[in-house]
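Engineer: Here is the input, now give the coordinates:
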Amino acid sequence: MEAPSIGGVRVRQGDGQIVRLRRGSSLTDLAEKIGVDPASLVQVLFHLGEMVNATQSVADDTLEVLGSELNYKIQVVSPEDEDRELLESFDIEFGEDLGDEDDLEARPPVVTVMGHVDHGKTKLLDALRNTDVMGGEAGGITQAIGAYQVQTEVDGNPRKITFIDTPGHEAFTAMRARGAKSTDIAVLVVAADDGVMPQTIEALNHAKAAEVPIVVAVNKIDKEGADPVKVRGQLTEYGLVPEEYGGDAMFVDVSAKAGLGLEELLTAIVLTADASLDLRANPDMPAQGVAIEAHLDKGRGPVATVLVHRGTLRTGDSIVAGSAYGRVRALINDQGESLDEALPSMPVQVLGLTSVPGAGDNFLVVDDDRMARQIAEKREARQRAAMLSKSTRRKTLDQLFEQLAKGETQELRLILKGDSAGAVEALEDALLQIDVGEEVDLRVIDRGVGAITETNVTLAAASDAVIIGFNVRAQGKATQLADAEGVDVRYYSVIYAALDEVEAALKGMLKPIYEEKTLGQAEIREIFKSSKFGIIAGCMVLDGVLRRNAKARLLRDGVVVVDSSVASLRRERDDVTEVREGVECGTTLANYSDIKVGDIIETYEMVEKPRD
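Structural biologist: Numbering: from 1, shown residues only. As a prediction, the model looks like this:
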């Protein structure tokens with residue numbers, strides 16, 4: 001039916017029907033669904049106070065507001081639902097074991113190691129697998145997710161356990177949360193000398209949100225001041241009650257450095273898995289799982305560390321991981337050995353992808369390369385639209401006119417490059433959480449894995465952006481190009497430094513706040529006329545100081561007559577810079593001569609006020 005006009009625009013109204021749109025849809029997408037002209041929707045939004053063009057990705061809430069105005073119920077399809085629908089269109093069931101109950105076989109538990117920074121997570125893993133990850137890390141902080149398989153023996157039976165090592169700094173919250181989603185059991189590492197810290201609680205909350213059983217490793221029990229009993233008491237307050245206190249959480253006292261309690265910890269993990277979980281998967285189906293980490297290797301190309309959830313991954317399989325696809329050229333385990341196949345719960349590095357997938361992207365084996373490419377391309381288009389929607393700032397007419405009045409809004413644009421997808425994503429999340437008020441915006445215009453290229457520099461030059469390299473450097477002629485174009489390239493290996501410098505840069509872009517500081521007051525006692533200087537005020541400085549060229553206001557009966565400045569200042573026959581309290585002087589005000597005896601000249605200056 002025909003609508004009553006909205007701001008003079010007539011658009012056919014709906015009758016409450018549901019319209020499903022993917023995240024990041026444009027007005028053109030909506031217009032196709034409801035059969036109207038996109039230009040009319042642009043006009044409707046204009047009259048609602050939004051400036052959006054027909055092909056621009058529109059934020060979810062804007063779509064919903066527009067839909068309600070036109071009497072349509074807009075449903076924005078979540079990325080997860082959209083991905084499921086995409087796979088269903090290819091007759092692929094993701095996330096479920098295919099086959100009968102008899103086809104399921106036991107698989108090793110997947111364990112995520114969590115806890116506060118510097119409580120010994122990586123050292124504990126080192127002790128468990130006898131390798132040194134920490135040696136090559138900046139500041140002793142885990143900067144990339146790794147996955148490793150450890151063998152143990154429980155009740156005479158050999159058992160395998162897969163460990164996921166997550167970064168320890170709070171900025172990697174997103175990655176730690178993803179680790180919890182990919183895991184069966186969480187090991188919470190707490191230092192016996194430090195006790196429960198803020199990130200300990202954060203890690204505990206992630207594990208609870210993922211609804212996984214928790215085993216607590218009380219580390220550093222050999223250190224002076226260690227108090228494992230105190231740790232148990234502290235965690236009891238957060239609902240994690242040890243078995244010895246009548247609860248269901250297993251606590252194990254360990255020392256990664258001295259090698260104490262490690263076997264007991266592995267046994268506790270296996271027993272918890274057996275008691276709480278039914279860990280089975282069908283190995284005889286096309287492999288499915290998650291990409292834990294990915295990076296670009298100079299010699300081998302894109303390398304993804306994947307964790308197989310179900311099925312068996314084999315060399316030669318056609319694989320899709322997020323928006324990356326390819327044929328598995330090689331499988332390499334955590335010991336660096338080449339494999340022909342990877343069974344459920346096994347972490348392996350996959351070579352042969354066309355691009356670097358994102359950390360946390362699901363992967364699946366499909367029938368052939370053509371299907372893999374189609375799925376990857378559709379995922380990439382969807383992600384691009386969603387990203388545009390996320391980065392597009394809603395601009396109201398009021399904001400537009402304000403910006404036109406005062407000039408362009410201050411905005412710091414960044415291009416992020418890192419050694420791994422997880423690190424780049426976590427760095428972006430942390431940067432976007434920096435808050436310095438509404439005057440300055442931070443926008444990430446591009447991100448990627450691998451060395452900084454000439455293309456990155458060209459984009460930065462065109463966009464007036466700063467490039468941040470996290471554990472990567474510029475390659476080829478990119479450095480010379482950056483110098484020639486005046487592009488600022490910053491290199492970091494620890495995330496704290498990047499966050500601190502970007503925050504400082506944002507604060508530096510803020511317009512300074514000034515406050516007035518009174519310098520002094522002088523009373524006009526006499527008025528003199530001079531052919532050279534005009535009207536001269538003979539003054540007595542009552543307090544403070546009268547300074548030449550200082551801002552000044554003339555007060556008459558407590559009312560400001562004029563705002564001016566001190567044009568000249570003389571003491572007897574000499575020009576002076578300033579005159580102090582209790583001293584007589586002669587002065588003139590810039591461009592003002594209507595002064596009277598008894599008027600007060602007040603001088604002041606504007607001082608920059610430091611921001612909080």
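
Engineer: can we go C-alpha only for contacts and neighbour counts from here?
Structural biologist: OK.

Engineer: Going by neighbour count, which residues of stretch 576-593 are buried?
Structural biologist: 578-580, 584-589 (16 or more other C-alpha atoms under 10 Å).

Engineer: so what pLDDT did Leu499 get?
Structural biologist: Looking at Leu499, its pLDDT is 87.

Engineer: Show the low-confidence segments of the stretch 201-350 of the chain, by residue range.
Structural biologist: Counting by pLDDT under 70, the stretch 201-350 of the chain contains no low-confidence residues.

Engineer: one more time with 80
Structural biologist: Scanning the stretch 201-350 of the chain for pLDDT under 80 picks out the ranges 202, 206-207, 209-210, 298.

Engineer: the strands in it, which residues?
Structural biologist: Shown for the stretch 201-350 of the chain, the strands assigned by DSSP state E, counting those that start in this stretch span residues 214-219, 250-253, 280-281, 288-297, 301-310, 313-314, 318-321, 324-332, 338-339, 341-342, 347-353.

Engineer: Please convert those to TSV, extending it with mean neighbour count and distance to Ser568.
Structural biologist: Shown next, in TSV, are those (neighbours: other C-alpha atoms under 10 Å; distance: least, C-alpha to C-alpha, whole Å):
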stretch	mean neighbour count	distance to Ser568
strand 214-219	27	75
strand 250-253	22	80
strand 280-281	21	90
strand 288-297	25	69
strand 301-310	26	72
strand 313-314	26	87
strand 318-321	28	76
strand 324-332	21	74
strand 338-339	14	86
strand 341-342	20	87
strand 347-353	24	77
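
Engineer: Let me have the buried residues of stretch 576-593 in TSV, adding secondary structure and pLDDT as columns.
Structural biologist: Listed next are those as TSV, based on DSSP: H, G, I helix; E, B strand; the rest coil; pLDDT from 0 to 100:
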residue	secondary structure	pLDDT
Glu578	strand	92
Val579	strand	93
Arg580	strand	93
Glu584	strand	93
Cys585	strand	94
Gly586	strand	94
Thr587	strand	94
Thr588	strand	93
Leu589	strand	92
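
Engineer: now for the strands of the stretch 201-350 of the chain, which one comes closest to Val457?
Structural biologist: strand 288-297 (18.7 Å; C-alpha to C-alpha).

Engineer: contacts for the closest one?
Structural biologist: Contacts to strand 288-297, defined as C-alpha atoms under 8 Å, 6 or more residues apart in numbering, come from residues 94-95, 144-147, 179, 182, 302-311, 321, 356-365, 419-422, 449-450.

Engineer: Also stretch 450-459?
Structural biologist: Contact partners of stretch 450-459, identified using C-alpha under 8 Å, 6+ apart, comprise 295-297, 415, 417-420, 465, 467, 469, 472-478, 481-482, 487.

Engineer: from those residues, which ones fall inside strands?
Structural biologist: Among the contacts of stretch 450-459, DSSP state E puts 295-297, 415, 417-418, 465, 467, 469 in strands.

Engineer: Need the max-distance pair from those.
Structural biologist: Put simply, by C-alpha to C-alpha the two of the ones in strands among the contacts of stretch 450-459 set farthest apart are Asp297 and Ala465, 26.0 Å from each other.

Engineer: Give me the most central residue, this protein.
Structural biologist: Against the mean C-alpha coordinate of the chain, by C-alpha atoms, centre = their mean, the closest residue is Asp429 at 0.6 Å.

Engineer: Wasn't that one part of a helix?
Structural biologist: Yes: per DSSP: H, G, I helix; E, B strand; the rest coil, Asp429 lies within a helix segment.

Engineer: Let me know the distance separating it from Thr453.
Structural biologist: Distance, Asp429 to Thr453, by C-alpha to C-alpha, to the nearest Å: 23 Å.

Engineer: cool, Gln383 as well?
Structural biologist: Distance, Gln383 to Thr453, by C-alpha to C-alpha: 23 Å.

Engineer: Tell me which helix or strand in the chain has the weakest average pLDDT.
Structural biologist: Counting by mean pLDDT, DSSP states H and E, the chain has its least confident helix or strand at helix 173-181, which shows a mean of 47.

Engineer: what sits against the closest residue to Glu263 other than its chain neighbours?
Structural biologist: Sequence neighbours aside, Thr152 is the residue nearest to Glu263 in space, at 7.6 Å (criterion: C-alpha to C-alpha, 6 or more residues apart in numbering). Thr152 sits next to 158-161, 263, 266-267 when contact means C-alpha under 8 Å, 6+ apart.

Engineer: secondary structure element for Thr152?
Structural biologist: Using DSSP states H and E, Thr152 falls within strand 146-154.

Engineer: What is the subsequent helix or strand relative to that strand?
Structural biologist: Per DSSP H and E, the first helix or strand lying C-terminal to strand 146-154 is strand 157-165.

Engineer: partners of that following strand in the sheet?
Structural biologist: Counting by DSSP bridges, the strands paired with strand 157-165 are strand 110-115 (parallel), strand 146-154 (antiparallel).

Engineer: Check those for me and report the most buried one.
Structural biologist: Of all the strands paired with strand 157-165, strand 110-115 carries the top mean neighbour count, a mean of 29, counting by mean count of other C-alpha atoms under 10 Å.

Engineer: What's the biggest strand in the chain, counting residues?
Structural biologist: Longest strand of the chain, by residue count under DSSP E: strand 513-530.

Engineer: That one: which residues count as buried?
Structural biologist: Buried residues in strand 513-530, counting neighbours by 16+ other C-alpha under 10 Å, are found at 519-524.

Engineer: Repeat that for stretch 84-99.
Structural biologist: Buried-residue list, stretch 84-99, by 16+ other C-alpha under 10 Å: 94, 97-98.

Engineer: Check stretch 360-376 too.
Structural biologist: Of the residues in stretch 360-376, those buried (16+ other C-alpha under 10 Å) are 360-366, 369, 371-373, 375-376.

Engineer: does Glu88 count as helix, strand or coil?
Structural biologist: Classified using three-state DSSP, Glu88 is helix.

Engineer: try Asn71
Structural biologist: coil.

Engineer: Pretty sure it sits against Asp15.
Structural biologist: Yes: assessed by C-alpha atoms under 8 Å, Asn71 is found in contact with Asp15 at 5.8 Å.

Engineer: higher neighbour count, these two?
Structural biologist: Neighbours were tallied for Asn71 and for Asp15 using other C-alpha atoms under 10 Å; the higher tally belongs to Asn71 (17 against 11).

Engineer: Would you check how far apart Leu519 and Ala550 are?
Structural biologist: Distance from Leu519 to Ala550, by C-alpha to C-alpha: 9 Å.

Engineer: what residues are shared contacts of these two?
Structural biologist: What both Leu519 and Ala550 touch, as defined by C-alpha under 8 Å, 6+ apart, is the set 603-605.

Engineer: Give me the buried subset of the residues you listed.
Structural biologist: So, by 16+ other C-alpha under 10 Å, the buried ones in the shared contacts of Leu519 and Ala550 are 603-604.

Engineer: What is the burial count for Gly225?
Structural biologist: When neighbours are defined as other C-alpha under 10 Å, Gly225 has 11 of them.

Engineer: Thought Gly195 was touching it, still the case?
Structural biologist: No: in this structure, Gly225 is not within contact of Gly195 by C-alpha under 8 Å, at 10.6 Å.

Engineer: Now do the contacts for the nearest residue to Arg373 once chain neighbours are set aside.
Structural biologist: Closest residue to Arg373 apart from its sequence neighbours, by C-alpha to C-alpha, 6+ apart: Tyr325 at 6.1 Å. Tyr325 makes contact with 318-319, 353-355, 372-373, 376, according to C-alpha under 8 Å, 6+ apart.

Engineer: In the beta-sheet assignment, what are the partners of Tyr325?
Structural biologist: Taking DSSP bridges as the rule, Tyr325 bridges to Val320.

Engineer: gap between Asp91 and Met371?
Structural biologist: From Asp91 to Met371 the distance is 11 Å (C-alpha to C-alpha).

Engineer: err, Ala462, not the other one
Structural biologist: To Met371, Ala462 is 37 Å away according to C-alpha to C-alpha.

Engineer: One more: Ser182?
Structural biologist: With C-alpha to C-alpha as the criterion, Ser182 and Met371 are 26 Å apart.
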